[in-house]
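Give me the fold of what follows.
(one chain, ligands or ions: 1)
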Amino acid sequence: MLTIKRVPTVVSNYQEEDNNEEKQETQLGCGRNCLGNCCLPVSNFPLYAFKKERKEACENGVVPTSAKTDVSHISFLSLLLGHWEDRINRGLFRYDVTTCETRIIPGQYGFIAQLNEGRHLKKRPTEFRIDQVLQPFDENKFNFRKIGQEEVLFRFEQSNDHSSHYCPSAPVYSGSSPPNVIAINVSPIEYGHVLLIPRLSDCLPQQIDNKSFLLALHMAKEAADPFFRLGYNSLGAFATINHLHFQAYYLGSLLPVEKVPTRRIITMERVHKRGVVVSELLKYPVQALVFQGGNTMQDLADVVAKSCITLQNSNTPYNILISDCGKKIFLFPQYYAKKQALGEVSQEFLDTRVNPAAWEISGHMVLKTRKDYDGATEEYALRFLAEASLSEDRFQEVKAYVLEAAGLQEVAMDNVNKEDERALCEAEPSTPTAPCFPKDFMFPQEEFQLLF
Ligand SMILES: [Zn+2]
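The predicted model follows:
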């Protein structure tokens, strides 16, 4: 068994509590206002219901159309950030991330360095098993059913119609589905750092499935701001909690990985015509696949989820960045933790205790000491990230089986005739320029309605 010693990030204020408390599952309300079977069924939370895509089935709809009323414009992101700031005022975070120093590392990539001295203090290192991407859910370990309800911002469910709704208080089991929960990360690395926990009471282990990934894309789309991104770390790629969750935060600047050029992989769709375009990164220290397009959001989600499932089944750890409001997804297979366990990572990187998880790989370096922060250079960031990348040969192997699983077949450029090539070039999705919205900007959304 391969393990590494790690000081796990504390994502909830309940994480360090004794986990061996007596279970009171049958009693309603354990007195802690947690998210377990004791308290959840008798709880009310705010509910944000996102609008259904035109082509999506409505079987998951939870909000009765008859109950809604019109409201003026409120955006999902404003709501989320407003609730998040409320939790700052209530003193729920372990430190104030808004006072952490940040700078752009000079160079052509624009790596973003943050000095965050509060994130990894006051905890004993724990042994993490890093050689298994798929591990069963273990209710005796910390999981999100143990967090306090004050850490929850709101539920995030699909509406049963084509508009979004917000309800300040709704009983949890008003619908039949287990709740999707958005909660704060009490050790934030940026403004608005939250966790999306799909179907919380289903106790899903940390592994991607189609439905959960589609939910994450919906959250990115609903935020409607390219500076609000979601990330995902698999087990073995620096996830520390084996309970399905995505992370998300607001960072008002393009990440280095979002700026590098990509090369489209010319593919044929063998079965379904989903219209998803796959590319690989050029001139970036970490090999990655980039997914864009798709006839619907479901198409894009299905192709990426299939790719992730293939990586999981072949025990390949990976990270994901959901970018551009859910329209662009970066998939980074990696073996850094395994190399670390085998003693193959150079000491200078181990000394910084920085792990290449989704945010770091995307170019947002969260550094733990003043010395590392002041001394960070582009050359250092490039070498550090290169340690996390698969080798070229290994990446080509992984790419081949990922494409295969996604129902795509790579076509050699020699076999593409000139006319097809021109069509492909024209179809290439363009990189959007990210607008910079002020923090309290309200997005005009004609279809937005409030449910009471
Ligand atoms: Zn409870």
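
check contacts around the residue lying closest to Glu101 once chain neighbours are set aside.
Spatial nearest neighbour of Glu101, excluding adjacent residues (C-beta to C-beta, 6 or more residues apart in numbering): Leu115 at 4.4 Å. From N, CA and C alone the C-beta is placed, and that goes for glycine too. Contact partners of Leu115, counting by C-beta atoms under 8 Å, 6 or more residues apart in numbering, are 100-102, 367, 369-370, 373.

want to throw those residues into a markdown table with pLDDT and secondary structure?
Listed next are those as a markdown table, based on pLDDT from 0 to 100; DSSP: H, G, I helix; E, B strand; the rest coil:
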| residue | pLDDT | secondary structure |
| --- | --- | --- |
| Cys100 | 93 | coil |
| Glu101 | 95 | coil |
| Thr102 | 96 | strand |
| Leu367 | 94 | strand |
| Thr369 | 92 | coil |
| Arg370 | 94 | helix |
| Tyr373 | 95 | helix |
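
counting contacts, what elements does the helix or strand hosting Arg394 pack onto?
Assessed by DSSP states H and E, Arg394 sits inside helix 392-405. On a contact count with 3 or more C-beta pairs under 8 Å, 6 or more residues apart in numbering; DSSP states H and E, helix 392-405 meets helix 297-313, strand 328-333, strand 408-410.

make it 7 Å
Contacting helix 392-405 under the criterion 3 or more C-beta pairs under 7 Å, 6 or more residues apart in numbering; DSSP states H and E are the following elements: helix 297-313.

Report the angle between the helix it packs on and strand 328-333.
With axes from the mean of the first three to the mean of the last three C-alpha atoms, to 10 degrees applied, the angle from helix 297-313 to strand 328-333 works out at 10 degrees.

got the buried residues for helix 297-313?
For helix 297-313, burial by neighbour count (16 or more other C-beta atoms under 10 Å) applies to 297-312.

between these, which is closest to the ion?
Closest approach to the ion among the buried residues of helix 297-313 (C-beta to the ion): Gln312, at 31.1 Å.

what sits against the closest one?
Residues counted as contacts of Gln312 (C-beta atoms under 7 Å, 6 or more residues apart in numbering) are 133-134, 207-208, 234.

Export those as TSV, with columns for secondary structure, neighbour count and distance to Phe291.
As requested, those are exported to TSV (DSSP: H, G, I helix; E, B strand; the rest coil; neighbours: other C-beta atoms under 10 Å; distance: C-beta to C-beta, whole Å):
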residue	secondary structure	neighbour count	distance to Phe291
Val133	coil	21	19
Leu134	coil	15	22
Gln207	coil	20	18
Ile208	coil	25	13
Ser234	coil	25	16
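
now, which of the residues you listed lie close to the ion?
Under the cut-off given by C-beta under 5 Å from the ion, the ion has nothing from those close to it.

thinking again about what came up before, which of the residues in the helix holding Arg394 are buried?
Applying 16+ other C-beta under 10 Å to helix 392-405 flags 395, 398-399, 402-403, 405 as buried.

Which member of those residues is positioned nearest the ion?
For the buried residues of helix 392-405, the residue nearest the ion by C-beta to the ion is Ala405; the value is 40.0 Å.
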